[in-house]
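In: model the following, please.
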Amino acid sequence: PASDQRKSITTDKQGNAIVAAIQESVGASVTKIALDSSVLWSKSLAGSPAVYNGGIAANGQGIFLAGRQGSSSAAEETSALLVNFGKSGSTTWPRSLNNADISSDLYGDLFKDCEVDASGNIIAAGNKNAGVGSADGLIAKYNSSGTLQWQRALTGDSPIEISSVGIDTSGKIMVAFRATGVGGSGSKYSFVRYDADGTKSSVYTYGNSTTSTTLDGGGVRVRGDSLGNFISAGTIQDGTSATNPVKTFVSKIGPSSITWSREFYDTTSDSRVYVEDLTCDRFGNIYVCSRYIEDYSAASGDYITIVAKYNSSGTLQWQKAISHTSSSGLLPLGITTANNGDVYLCGSVSGEGAGYAQLVVIKLPPSGSANGTYGNFTIANGSLTEATSSVAIGSDTFTGSTPTLTSATPSIVTTSRTVTKTSYTITT
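Out: Numbering: from 1, shown residues only. The predicted structure is shown next:
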């Protein structure tokens, strides 16, 4: 399901793009694409039960896919899954965590995102089953050989489903999630920082029910930048009217405080700008991709992809609007950068081939100079309003613990698959 796809694209040290997707009627798939857009390999993941992907990460030694193994619905008993691939696409090791003593009617155990630190350790995050109708946040650290180093749980006033994880240059970890009823009423985005050894430290929350600032659907993301900070992004809606504009916000979280917070949106009533993903390049620049709906009540599925670039000081560098001629438009799924600064965006469209939807990978130059029409795609300058964010920032308390999920080596089989590719060259 698309809702389980989080960070669905990454790059390796050579600048190749690695894309994770849901293959119709099969489950998870991973595809490696070279600098010249040729497909190096593509693998389907099979297992008993089936495998579904969450996030993907890579370093110089391998590729790491986070997800779950079990039912096609996350609302049933599943195992949190982490799979390591070699550079050629072979499976090196799979690992799973499962709360075997609890069956669930709403939440399973699953990883939704993963990142790799400078030492080659992998941090995977998601949620674990905490009994009927409840879930706790789940964070696990593995070394490069797949040995579990530690696992942590996070409990609050309502179910916690961690959707994103980031790592800074010192190895500190931050997880992001949306929680309802945190510290009282209303919904808030929360960001919890951990030391490299799994010790919970600071907590930040975004949203303040006393000023009628609510948080809407879409996602919440966090990434570590190259300067020792964390960058967060989410979706907010000011006021109490359901037709008020929905905005994407971007914030820099320093070692002890919020450094800056920005937002972009359409001032038109009933417009929506839902954040989907963010990434940071090695120069400290920040890229955010969001799905934009000009009139939600009139065309709830007509998506335009917005990509915004900020420098490390929070100054907007450029904004791009990418559209597709199909009735559903272009739905963004993930964004990442290569070492040379190139930007890779992946998304989903219909009408470009057989099947319900097709995966799209777009490579943009860091300058943003890519305007033009390419087949059924159009890239143009974006015109959304950009301003200082109005989101309220505070703190809350969450209970940290060390769970005892069962660690195992599941049975995962990878098979090669054929990918049909259509290419367009972007003129810069």
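In: could you look up the next helix or strand downstream of the least confident helix or strand in the chain by mean pLDDT?
Out: Lowest by mean pLDDT, DSSP states H and E among the helices and strands of the chain is strand 213-215, with a mean of 67. With elements assigned by DSSP states H and E, the helix or strand that comes after strand 213-215 is strand 221-224.
In: spit out the contact partners of Asp113.
Out: Neighbouring residues of Asp113 by Cβ atoms under 8 Å, 6 or more residues apart in numbering: Arg6, Lys7, Gly54, Gly55, Ala66, Ala124, Ala125, Gly126, Ile162, Ser163, Ser164, Val165. For glycine as for every other residue, the C-beta is placed from the backbone atoms N, C-alpha and C.
In: ok, the fifth one touching Leu82?
Out: Yes. If you go by Cβ atoms under 8 Å, Ala66 and Leu82 touch, sitting 5.5 Å apart.
In: shared neighbours of those two, anything?
Out: Common neighbours of Ala66 and Leu82 (Cβ under 8 Å, 6+ apart) are Phe111, Cys114, Ala124.
In: count of residues packed around the second one?
Out: What it means is Cys114. Per other Cβ atoms under 10 Å, the neighbour tally for Cys114 reads 27.
In: which residues does it bridge with?
Out: Counting by DSSP bridges, Cys114 is bridged to Ala124.
In: any idea how far Val419 is from it?
Out: Distance of Cys114 to Val419, given as Cβ to Cβ, to the nearest Å: 23 Å.
In: helix, strand or coil: sort out Gly166 for me.
Out: Classification of Gly166 using DSSP: H, G, I helix; E, B strand; the rest coil returns strand.
In: for it, give me its contacts.
Out: Going by Cβ under 8 Å, 6+ apart, Gly166 touches Glu115, Ile173, Met174, Ala176, Val222, Arg223, Gly224, Phe230, Ile231.
In: that one and Leu40, how far apart?
Out: Per Cβ to Cβ, Gly166 is found 27 Å from Leu40.
In: ok, so of the shared contacts of Ala66 and Leu82, who is nearest Thr378?
Out: Nearest to Thr378 among the shared contacts of Ala66 and Leu82: Cys114, at 33.4 Å, using Cβ to Cβ.
In: returning to what we had before: including distance to Phe377, could the contacts of Asp113 go into JSON lines?
Out: Converted to JSON lines, the contacts of Asp113 look like this (distance: Cβ to Cβ, whole Å):
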{"residue": "Arg6", "distance to Phe377": "24"}
{"residue": "Lys7", "distance to Phe377": "22"}
{"residue": "Gly54", "distance to Phe377": "27"}
{"residue": "Gly55", "distance to Phe377": "25"}
{"residue": "Ala66", "distance to Phe377": "29"}
{"residue": "Ala124", "distance to Phe377": "33"}
{"residue": "Ala125", "distance to Phe377": "33"}
{"residue": "Gly126", "distance to Phe377": "33"}
{"residue": "Ile162", "distance to Phe377": "33"}
{"residue": "Ser163", "distance to Phe377": "28"}
{"residue": "Ser164", "distance to Phe377": "27"}
{"residue": "Val165", "distance to Phe377": "31"}
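In: pipe those residues into TSV and attach neighbour count, distance to Ser390 and pLDDT per row.
Out: Below are those laid out as TSV (neighbours: other Cβ atoms under 10 Å; distance: Cβ to Cβ, whole Å; pLDDT from 0 to 100):
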residue	neighbour count	distance to Ser390	pLDDT
Arg6	28	26	49
Lys7	30	27	55
Gly54	28	31	84
Gly55	29	29	89
Ala66	29	33	93
Ala124	30	33	96
Ala125	34	28	95
Gly126	34	30	92
Ile162	29	25	91
Ser163	25	23	90
Ser164	26	22	94
Val165	29	27	96
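In: closest to Tyr287 among the residues you listed?
Out: Lowest distance from Tyr287 to these (Cβ to Cβ) belongs to Lys7, with 12.6 Å.
In: per-residue pLDDT, the residue nearest to Thr399 when sequence neighbours are not counted?
Out: Using Cβ to Cβ, 6 or more residues apart in numbering and skipping the chain neighbours, the partner closest in space to Thr399 is Thr155 (4.4 Å). We have a pLDDT of 87 for Thr155.
In: again, but for Leu359
Out: Leu359 carries a pLDDT score of 87 in this model.
In: now do the contacts for it.
Out: Contact analysis of Leu359 by Cβ under 8 Å, 6+ apart lists Val19, Ala21, Thr31, Cys346, Gly347, Ser348.
In: lowest-confidence entry in those residues?
Out: Scoring these by pLDDT puts Ala21 last, at 86.
In: in what helix or strand does that residue lie?
Out: Per DSSP H and E, Ala21 falls inside strand 17-23.
In: other SSEs contacting that strand?
Out: strand 9-11, strand 27-33, strand 51-58, strand 331-337, strand 343-349, strand 358-364 (3 or more Cβ pairs under 8 Å, 6 or more residues apart in numbering; DSSP states H and E).
In: run the chain-centre distance for the last one.
Out: Mean C-alpha position of strand 358-364 versus that of the full chain (Cα atoms, centre = their mean, to the nearest Å) differs by 16 Å.
In: run the chain-centre distance for the next helix or strand along the chain from that strand.
Out: Using DSSP H and E, the helix or strand that follows strand 358-364 in sequence is strand 372-374. Relative to its chain's centre, strand 372-374 lies at 27 Å (Cα atoms, centre = their mean).
In: on that earlier part again, mind checking which of the helices and strands packed on strand 17-23 is nearest Ser201?
Out: strand 51-58 (22.7 Å).
In: can you give me the buried ones in the closest one?
Out: Val51, Tyr52, Asn53, Gly54, Gly55, Ile56, Ala57, Ala58 (16 or more other Cβ atoms under 10 Å).
In: repeat that for stretch 137-152.
Out: Gly137, Leu138, Ile139, Ala140, Lys141, Tyr142, Ser144, Gly146, Gln151, Arg152.
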